[in-house]
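Student: Let me see the structure of the following:
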Amino acid sequence: MTPTLLIVAVLATGLLFTVMVAGMFNNLVALKNRFKNAFAQIDVQLRRRYDLIPNLVEVAKGYIKHERETLEAVIKARNAAVMAADQAGRHPGERQAMRELAGAEGALSGTLGKLFALREAYPDLKANQNMMQLSEELTSTENRVSFARQAFNDAVMGYNTARESFPANIIAGMLRFDPAELLEAVEAPEQRQAPKVSFN
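Tutor: Numbers count the residues shown, from 1 in each chain. Okay, here's the model as predicted:
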């Protein structure tokens with residue numbers, strides 16, 4: 001092999017390696033941006049949910065005057081969830097932020113469950129048009145959050161798979177493409193219990 005052919009072969013190999021590395025880098029960037037965008041869709045639905053909750057509490061206040069503790073717990077859980085969502089929005093996919101958001105959302109769902117249980121005990125509240133409309137909007141929003149969370153988790157899974165696959169894992173490690181955390185749904189303990197059915 002002549003020196004000219006050797007130089008061309010080395011340059012071609014170097015160019016091919018550079019193109020491969022650039023392709024892997026660009027793919028990791030695209031996948032990371034995809035899961036960040038997917039989280040932004042969750043955030044939109046969570047904001048809608050958080051905006052509905054104070055209205056729900058206001059409607060309930062007029063009917064369940066002796067249940068202040070429950071209403072205050074709902075507002076406190078809502079505020080904690082807003083703070084956790086803000087933190088997660090700044091760091092989508094980060095392990096601690098995702099776990100704190102999941103925990104805050106689980107606590108909020110638990111307190112909302114108590115509020116809805118109270119609604120059943122107060123027929124006038126249950127029949128209130130505003131309460132029915134807000135409850136329906138909240139349920140619709142919960143469904144949208146679930147779909148958005150699934151899209152986020154799918155995007156995170158795609159990103160994590162790409163960053164762990166060879167040879168992209170070498171590039172990911174060198175260029176600090178950290179793993180992303182899934183957003184798990186955390187249920188309140190009472191939601192996990194199976195309903196008791198009796199045919200007596």
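Student: quick one: contacts for the nearest residue to Val74 once chain neighbours are set aside?
Tutor: Of all residues not flanking Val74 in the chain, Thr111 sits nearest, at 4.7 Å (C-beta to C-beta, 6 or more residues apart in numbering). The C-beta positions use only the backbone N, C-alpha and C, and glycine is treated the same way. Contact partners of Thr111, counting by C-beta atoms under 8 Å, 6 or more residues apart in numbering, are Thr70, Ala73, Val74, Lys76, Ala77.
Student: again, but for Gln45
Tutor: Taking C-beta under 8 Å, 6+ apart as the contact definition, Gln45 lies against Thr141, Arg144, Val145, Ala148.
Student: Check whether it sits in a helix, strand or coil.
Tutor: Assigned with DSSP: H, G, I helix; E, B strand; the rest coil, Gln45 falls in the helix class.
Student: if I look at it, how far off is Glu181?
Tutor: Here the criterion is C-beta to C-beta, to the nearest Å. By it, Gln45 lies 19 Å from Glu181.
Student: low-scoring stretches of the chain, by residue?
Tutor: Low-confidence segments of the chain, defined by pLDDT under 70, are located at 1, 186-200.
Student: let's see it at 90
Tutor: Where the chain drops to pLDDT under 90, the residues are 1-10, 58-70, 115-132, 135, 176, 184-200.
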